[in-house]
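Peer 1: let me see the structure of the following:
(one chain, ligands or ions: 1)
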Amino acid sequence: MPDDPRAPDVPPGGTGPAPAPTPGIDVRGLRRAFGSVQALDGVDLVARAGAVTALVGPNGSGKTTLLLVLAGLLVPDTGEVRIAGVDPVTQSRAARAVTGWMPDAFGTWDSLTAREVLTTFAQAYRVPPAAITGRVEELLATVHLSEYADRPAAVLSRGQKQRLGLARALVHDPQVLLLDEPASGLDPRSRVDLRVLLRRLADQGRTVLVSSHVLSELEEMADDAVFLSRGRTVAGHVADGAAAARRTWRLRALDRAPLVAWLDASGTVWRADDDGGALVELDGDAAAAALVRDAVTAGVPVVQVTPAGGALEQAYLALDEERR
Ligand SMILES: Nc1ncnc2c1ncn2[C@@H]1O[C@H](COP(=O)(O)OP(=O)(O)OP(=O)(O)O)[C@@H](O)[C@H]1O
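Peer 2: Modelled structure (predicted):
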């Protein structure tokens, strides 16, 4: 018997079939209504173990509802959900043991200190008593709250409360992390810390599903993306075809005049950007490379050529246009 209950069963001798990949999150045909509002209207989603998956969608598209179902806090009307292979509806205790949940607003008992909050949750999640003190101290240090450990949660700032909420989600060392707007209220340093932490957790083989409205923020941390629109999943991995997709590029030269003169002379449609450069629509990386070559050959002192907005933003806006 392996010591670690999460360790896969490996047949002795190692000559059996290759072990199945660690399951992450698997959702099929999920639907959930609130009265006449169909909050989830056919969600299919796979979030890989070992990756950070972004959950993207406009207000009211169903992100929080979906995360609540995945966290086992809301029962779906129809559909199948597996969290690390476990069904949160029929196997709720097992599902909670593998799931870390960070809601968008972390309600806490204001009279408890940060250390007491984490200790209470560690007990509730059945962390072995001998391990609790060490685990709590480690998490307080991870989210840079050691200094505030003995202060009542009520006096913590919004960002500090967010960090306490993140520590709480990690208290039982879960395999799957569900984070609803985790960066909201965090200062720039804490956002970087969050990004580094989520990357480390994914690199350890965990599944991380994170929602945010701030696409640039998700862009920096996510490997995959799932888009929700009106309760439906509308696209999968963002990297697919990104290099060949038509998108907006930003061009800057030492001086704008020769740049725009050359764009006009070569018949390239452009519009001004706020930084003194020009924005052009191009069919992927190869078209951008050709444009740079031609501009430089024509003597335009080009200093910058970059996609305007990241791949996630571009994919999101493209989907939005498709839906109109
Ligand atoms: N408890 C509820 N009762 C009634 N309607 C609800 C309830 N919870 C959510 N809804 C509705 O379901 C839809 C999806 O809401 P949800 O909160 O999941 O969206 P969201 O994508 O998380 O939005 P936001 O980006 O604004 O946080 C919305 O139309 C919302 O009004």
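
Peer 1: show me which helix or strand of this protein is least confident by mean pLDDT.
Peer 2: Taking mean pLDDT, DSSP states H and E as the measure, the chain has helix 311-323 as its least confident helix or strand, at a mean of 63.

Peer 1: contacting residues around Thr268?
Peer 2: 280, 291 (Cβ atoms under 8 Å, 6 or more residues apart in numbering). (Each C-beta comes from the backbone N, C-alpha and C, glycine too.)

Peer 1: so where's the chain shaky on pLDDT?
Peer 2: For the chain, residues meeting the criterion pLDDT under 70 lie at 1-21, 235-245, 309-311, 314-315, 317-324.

Peer 1: domain map for this structure?
Peer 2: 23-234, 246-322 (the TED database).

Peer 1: which of the ones you listed sits most buried?
Peer 2: Of these, the one with the most neighbours on average (mean count of other Cβ atoms under 10 Å) is domain 23-234, at a mean of 18.

Peer 1: close to the ligand, is it?
Peer 2: Yes. Using Cβ under 6 Å from any ligand atom, we find that domain 23-234 touches the ligand at 34, 37, 39, 57, 59-65.

Peer 1: Trp270 and the ligand: what is the separation?
Peer 2: 34 Å (Cβ to the nearest ligand atom, to the nearest Å).

Peer 1: for the stretch 201-324 of the chain, what spans make up the helices?
Peer 2: 215-221, 256-265, 285-297, 311-323 (DSSP state H, counting those that start in this stretch).

Peer 1: hmm, back to that, and the two most separated of the residues of domain 23-234 next to the ligand?
Peer 2: Phe34 and Gly57 (16.7 Å; Cβ to Cβ).

Peer 1: helices along the stretch 1-150 of the chain, start to end?
Peer 2: Going by DSSP H, counting those that start in this stretch, the stretch 1-150 of the chain shows helices at 63-70, 92-98, 114-124, 129-142.

Peer 1: and those helices as a markdown table, adding distance to Ala154?
Peer 2: Putting the helices of the stretch 1-150 of the chain into a markdown table (distance: least, Cβ to Cβ, whole Å) gives the following:
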| stretch | distance to Ala154 |
| --- | --- |
| helix 63-70 | 25 |
| helix 92-98 | 27 |
| helix 114-124 | 11 |
| helix 129-142 | 17 |
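
Peer 1: how about the contacts made by the residue nearest to Gln304 when sequence neighbours are not counted?
Peer 2: Once flanking residues are discounted, Gln304 sits nearest to Arg252: 4.1 Å by Cβ to Cβ, 6 or more residues apart in numbering. Contact analysis of Arg252 by Cβ under 8 Å, 6+ apart lists 259, 275-278, 302-305.

Peer 1: what is the nearest of the residues you listed to the ligand?
Peer 2: Comparing these against the ligand with Cβ to the nearest ligand atom places Asp275 closest, at 29.7 Å.

Peer 1: report the contact partners of Ala308.
Peer 2: Applying Cβ under 8 Å, 6+ apart, the residues contacting Ala308 are 247-250, 273, 279.

Peer 1: farthest-separated two in those residues?
Peer 2: Arg247 and Asp273 (14.2 Å).

Peer 1: quick check: the residue of the chain most remote from its centre vs the ligand, distance?
Peer 2: Going by Cα atoms, centre = their mean, the residue of the chain most distant from its centre is Ala265, 43.3 Å out. Separation of Ala265 from the ligand (Cβ to the nearest ligand atom): 45 Å.

Peer 1: please name the residues that touch the residue lying closest to Val143 once chain neighbours are set aside.
Peer 2: Using Cβ to Cβ, 6+ apart and skipping residues adjacent in sequence, the residue nearest Val143 is Arg163, 3.9 Å away. Contacts for Arg163 (Cβ under 8 Å, 6+ apart) come out as 143-145, 186, 190.

Peer 1: give me the phi and psi angles of Asp87.
Peer 2: Torsion angles at Asp87 (phi, psi; degrees, to the nearest 10) stand at phi -90, psi 110.

Peer 1: nearest residue to it other than its sequence neighbours?
Peer 2: Val81 (6.4 Å).

Peer 1: could you do Arg191 as well?
Peer 2: Per Cβ to Cβ, 6+ apart, closest to Arg191 is Ala183, 5.2 Å.

Peer 1: could you pull out the strands for the stretch 151-300 of the chain?
Peer 2: Counting by DSSP state E, counting those that start in this stretch, the stretch 151-300 of the chain has strands at residues 176-180, 207-211, 224-229, 232-235, 246-253, 270-272, 278-283.
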